[in-house]
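**Student:** One predicted model, sequence on top.
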2 protein chains.
Amino acid sequence: MRNDMLGKRIALIGAGNVAHHVAQALLNNGLNLCQIYSRSIESAIDLSRKTGITYTTNIHALYPDCDIYLFAISDDAIAQLWPQLRCKEEAVFVHTSGSVSMNVFSGCGHECGVLYPLQTFTKKRELDFREIPLLVEGSSEATLNDIKQLAELLSNHVVAIDSEKRRILHLAAVLVNNFTNHLYELAGELLQSSNLDAKLLRPLIYETAHKVMSLSPREAQTGPAKRGDKQVLNMHRSLLQNDPELLRLYNYFSDSILNSFEEQEEPNPKKGLQPGEMLTLW
Amino acid sequence: MRNDMLGKRIALIGAGNVAHHVAQALLNNGLNLCQIYSRSIESAIDLSRKTGITYTTNIHALYPDCDIYLFAISDDAIAQLWPQLRCKEEAVFVHTSGSVSMNVFSGCGHECGVLYPLQTFTKKRELDFREIPLLVEGSSEATLNDIKQLAELLSNHVVAIDSEKRRILHLAAVLVNNFTNHLYELAGELLQSSNLDAKLLRPLIYETAHKVMSLSPREAQTGPAKRGDKQVLNMHRSLLQNDPELLRLYNYFSDSILNSFEEQEEPNPKKGLQPGEMLTLW
């Protein structure tokens, strides 16, 4: 089965952050990436130089005999580009977007599917692609199996889900990535406005993320809102009195955390001392 | 100078998360931790067993001849406890709180100060204390120097700041720790409500934090709000139509990110191709 996929000719459409990492992953795993398309000549040249794979900026010049056309481009561009492709009938169209339904390929007359890597990609950061969850979908069982097979060559974490669930995952990803990163920025601005070095927060940011690799966020939570410490909450609010925007955010989160711990605080059977448990109470 | 501090007798008041890590750091660095106080017998016994240091749950039984009394307890408890201490006149009172002013010790008749470790502590997670920023303050230059000296034995990142700045730092810490962690929880709940495994988000959470160890949050930002992708933003909003609370949060962050990138988007001199820059464009 593996050999099947290793023999398939793959064209990569896109040369941005996602395409960059996908291209490297394909090549690192012996897959037959044979051409790269990008509308941006700089990006195309760059990815071509890094991978040694030929490129084109003319969609009509893409090899028509590839087995898989992998669309790693912006959401809008998928629907615009595929109708321009000239390729053999058996070719499979696959996109990598979290928020675009597989139906974007409706009417293309090809088998199609999705291979969505749940990660934030930046060209200059190296990633272990094997650790990235790949969410896959296919227009038929056979195609789903093919895409799964491809995905399993790239990552140890392949899960088949439909377009509806992928949207939810993408939304959750926006929360833990884009919104979290924005909190980092807001906190950094707060420090800079007091002539404090934003880098002081790095060990805390690092540990906050590392904690939830082994604990649930609920177990990991600390701080004044969790404790219901009104004195500190009010002190923070008074510090933010001249920043109504940030105050609104502060109140939202504090109320949400307060409510979550008030409502759901149940009698914890581990809280009482169990015989012989003295040293492993937490 | 180091030897001065190494000879000093230190009493630790508290046996919670912070005290637990501070005790280990003191001992790991050869400091003379001689007694632990906690009002909770379980916590006192536990920390005593882990450190081999004697404990008491009676504040009046604390050794009166210590040089430093280190208050690693809840904010409220500091002001309640110090008036009950019986100790020699030269003893220095130091607390570890981010949100409590050094003035909490006003009227104590002792030199005093603060040693605030900017980190989130959980007993069962090991931390490299040398990497934790320690923010120090002292009631006189001599005391500040003593506390600095103590802090520098424990960490490579010691910075002297006043109580006002420490409050700002503590507020920023709430943003990047408590609020970020709450985003993790909200995202996890979203997945669970669709029967998706919240652990799928772990590699993304990890990478989001790791990115800002080398990039600024601004450089690290990605996603629909940054791109001004209204189609995805609206799609997410419609997914949240039955969750007005989360929708409010979604709109807050999306608007804040949109505004931040609209307002501050300046012509980037690096965006055009510079001679010889082809491969280092990003």
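**Tutor:** Happy to help now that I have it.
**Student:** Which positions in the stretch 1-150 of chain A make contact with chain B?
**Tutor:** The interface of the stretch 1-150 of chain A toward chain B, taken as Cβ under 8 Å from any Cβ of the partner chain, is made up of A:17, A:42, A:45-46, A:49, A:74-76, A:99, A:118-125, A:127, A:131-133, A:135. Backbone N, C-alpha and C define where each C-beta goes, glycine included.
**Student:** Can you get me a residue count around A:V114?
**Tutor:** 29 (other Cβ atoms under 10 Å in any protein chain shown).
**Student:** my guess is it contacts A:F93, does it?
**Tutor:** No. Using Cβ atoms under 8 Å, A:V114 is not in contact with A:F93; the gap is 9.8 Å.
**Student:** does any part of the strand or helix carrying A:R167 sit near chain B?
**Tutor:** For A:R167, the host element (DSSP states H and E) is helix A:163-173. Yes. Contact of helix A:163-173 with chain B (Cβ under 8 Å from any Cβ) involves A:K165, A:R167, A:I168, A:L169, A:H170, A:L171, A:A172, A:A173.
**Student:** Following element in sequence after that helix, please.
**Tutor:** helix A:180-193.
**Student:** Give me the below-cutoff pLDDT ranges for chain A.
**Tutor:** Per-residue confidence for chain A (pLDDT under 70) gives these ranges: A:1-3, A:263-282.
**Student:** Show the residue spans covered by the strands in it.
**Tutor:** Listed in chain order, the strands of chain A (DSSP state E) span A:9-13, A:32-37, A:55-56, A:68-71, A:92-95, A:111-117, A:134-138, A:158-160.
**Student:** Helices of chain A, start to end?
**Tutor:** Here chain A has its helices, by DSSP state H, at A:2-7, A:17-28, A:41-51, A:75-81, A:141-154, A:163-173, A:180-193, A:202-214, A:217-220, A:224-227, A:230-239, A:244-264.
**Student:** tell me the angle of the fifth one relative to strand A:111-117?
**Tutor:** So the one you mean is helix A:141-154. 30 degrees (axes from the mean of the first three to the mean of the last three Cα atoms, to 10 degrees).
**Student:** ok and helix A:141-154 relative to strand A:134-138, angle-wise?
**Tutor:** Using the same axes, to 10 degrees: helix A:141-154 against strand A:134-138 is 160 degrees.
**Student:** buried sites along helix A:141-154?
**Tutor:** For helix A:141-154, burial by neighbour count (16 or more other Cβ atoms under 10 Å in any protein chain shown) applies to A:T143, A:L144, A:D146, A:I147, A:K148, A:Q149, A:L150, A:A151, A:E152, A:L153, A:L154.
**Student:** residues in contact with that helix?
**Tutor:** Applying Cβ atoms under 8 Å, 6 or more residues apart in numbering or on different chains, the contact partners of helix A:141-154 are A:1-2, A:4-6, A:8, A:25-26, A:29-31, A:68, A:92, A:94, A:111-115, A:129-130, A:134, A:136-138, A:158, A:160.
**Student:** circling back to that earlier point, out of the buried residues of helix A:141-154, what pair is the most spread apart?
**Tutor:** A:T143 and A:L154 (16.9 Å; Cβ to Cβ).
**Student:** closest to B:Q80 out of the helices of chain A?
**Tutor:** Between these, helix A:230-239 lies closest to B:Q80; by Cβ to Cβ that is 12.9 Å.
**Student:** Return the set of buried residues in the closest one.
**Tutor:** Buried, per 16+ other Cβ under 10 Å, within helix A:230-239: A:V232, A:L233, A:M235, A:H236, A:L239.
**Student:** export those residues to TSV and tack on distance to chain B?
**Tutor:** Converted to TSV, the buried residues of helix A:230-239 look like this (distance: Cβ to the nearest Cβ, whole Å):
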residue	distance to chain B
A:V232	5
A:L233	9
A:M235	6
A:H236	5
A:L239	6
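**Student:** Serialize those to a markdown table and add fields for distance to A:H210.
**Tutor:** What follows is the buried residues of helix A:230-239, written out as a markdown table (distance: Cβ to Cβ, whole Å):
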| residue | distance to A:H210 |
| --- | --- |
| A:V232 | 25 |
| A:L233 | 26 |
| A:M235 | 28 |
| A:H236 | 25 |
| A:L239 | 28 |
